[in-house]
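Novice: Have a look at this prediction, sequence included:
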Amino acid sequence: MAAQREGERFPIADAHNDALLGLRVEDPVPRGQINLEGLDKGGAALVCFAAFVGARERYAHSRLQEALLLVDRFYAMVEACGFQRVTHPDQLTPGKLCALLTLEGGDALEGQLCNLRVLYALGARMLALTWSNDNELGCGCNAKEDSGLTRTGLEAVAEMNRLGMMVDVSHLSDRGFWQVLEASAAPPLASHSNARALCPGVARNLTDEMLAALGRKGGFVGVNAARLFLTGSQDRPATLEDMLRHLERMAALAGVEHVGLGTDFDGISSTPEGFEGCEKYQALPEALLRRNWPEAAVRGVCYQNFVDYWRRVLECRPAKGRA
Ligand SMILES: [Zn+2]
């Protein structure tokens, strides 16, 4: 605790939020669990903004169109809020809020890898292959019969490896998870998932074996602030302590260099007491220091582990694909 100087803040990287869903291009300033004042107060340094696209029945228009609407909001937000848009870790600038565009739900591709490349060209650097539903790439965690990834899903993983995109297994089915672990040349991440052993039956969380395998492969897992994924019940309130329990189990299995934060803010209806929004980011390092975590490990969990992971993904690109 003594190592932390008075008033010093820990830079924060948050691997997942759904703030784009609540924005309008005419008014693209986030005011939810992710909000402009809170990001500043909380010490946010690198924030991943997800363009969420779910099952086709949700939309009157195409799913690619839905992705593009959200990408448009992302660009409007970056401009209105003065964020620094980043597509490579070398662009990260201390003292600036760096915003990274990510994709949640391979539905956006509509089964076409050309759409993946176009979304990459627009700045997307992470894709969750599925949301909880099934899509052209594979089965989500709610699959009744888990047939894992499709052929197109495996092709998408290979193309993401070539491009240097982070392959996100949050929301993926169990079989799909293990296929990605085996097939992906680069380490995957679970951007916003918790430990299943602490709330059995929650398929969105990862088993101990999955957490250990992610760590061995050089991956990353971000702790999620959703009540259901922390306590196992939508009716049981969660606290910051619950987040720490999950984080500590994840760190014990995956390795402390392989865990961080993926809050899911603005994608979740209830937040933990003591960690209600991005303005409370600093409560995490403060609590970890109180639990006698070494300061270097706290810095890693708050920020550096995610950046290091991103670099490992880029290092796995085939030499020819590097630019
Ligand atoms: Zn999600």
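Specialist: Noted; the coordinates are in hand. Fair warning: this is a prediction, and the values are worked out from it, not measured in the lab. Numbering: from 1, shown residues only.

Novice: how about low-confidence regions in the stretch 51-200 of the chain?
Specialist: For the stretch 51-200 of the chain, no stretch has pLDDT under 70.

Novice: how about the helices in it?
Specialist: For the stretch 51-200 of the chain, the helices defined by DSSP state H, counting those that start in this stretch occupy 63-81, 113-121, 151-163, 174-183.

Novice: So for E136, which of these sits nearest?
Specialist: Distance to E136, taken as Cβ to Cβ, is lowest for helix 151-163 among the helices of the stretch 51-200 of the chain, at 5.4 Å. From N, CA and C alone the C-beta is placed, and that goes for glycine too.

Novice: And the closest one, how far out from the chain middle?
Specialist: Here helix 151-163 shows a centroid-to-chain-centroid distance of 19 Å under the convention Cα atoms, centre = their mean, to the nearest Å.

Novice: how many other residues sit next to the spatially closest residue to L103 that is not a sequence neighbour?
Specialist: In this structure, L103 finds its nearest non-sequential neighbour in L127, 4.4 Å apart by Cβ to Cβ, 6 or more residues apart in numbering. Neighbour count for L127, taken as other Cβ atoms under 10 Å: 28.

Novice: contacting residues for L127?
Specialist: L127 sits next to 102-103, 106, 116, 119, 156, 160, 165-168 when contact means Cβ atoms under 8 Å, 6 or more residues apart in numbering.

Novice: Adding distance to L68, write these out as a markdown table.
Specialist: Shown next, in a markdown table, are the contacts of L127 (distance: Cβ to Cβ, whole Å):
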| residue | distance to L68 |
| --- | --- |
| T102 | 15 |
| L103 | 11 |
| G106 | 15 |
| L116 | 13 |
| L119 | 9 |
| A156 | 18 |
| M160 | 19 |
| M165 | 17 |
| M166 | 20 |
| V167 | 22 |
| D168 | 19 |
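
Novice: from those residues, which single one is nearest S184?
Specialist: V167 (5.4 Å).

Novice: Dump the C-alpha coordinates for the helix or strand containing M210 into CSV.
Specialist: Per DSSP states H and E, M210 falls inside helix 208-216. Output of helix 208-216 as CSV, limited to C-alpha atoms (Å, rounded to 0.1, in the frame of the first residue of the first chain):
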residue,chain,number,x,y,z
ASP,A,208,-10.8,-24.0,-14.4
GLU,A,209,-9.5,-26.1,-17.3
MET,A,210,-10.3,-23.3,-19.7
LEU,A,211,-8.7,-20.7,-17.6
ALA,A,212,-5.5,-22.7,-17.2
ALA,A,213,-5.4,-23.4,-21.0
LEU,A,214,-5.9,-19.7,-21.9
GLY,A,215,-2.9,-18.9,-19.6
ARG,A,216,-0.7,-21.6,-21.1
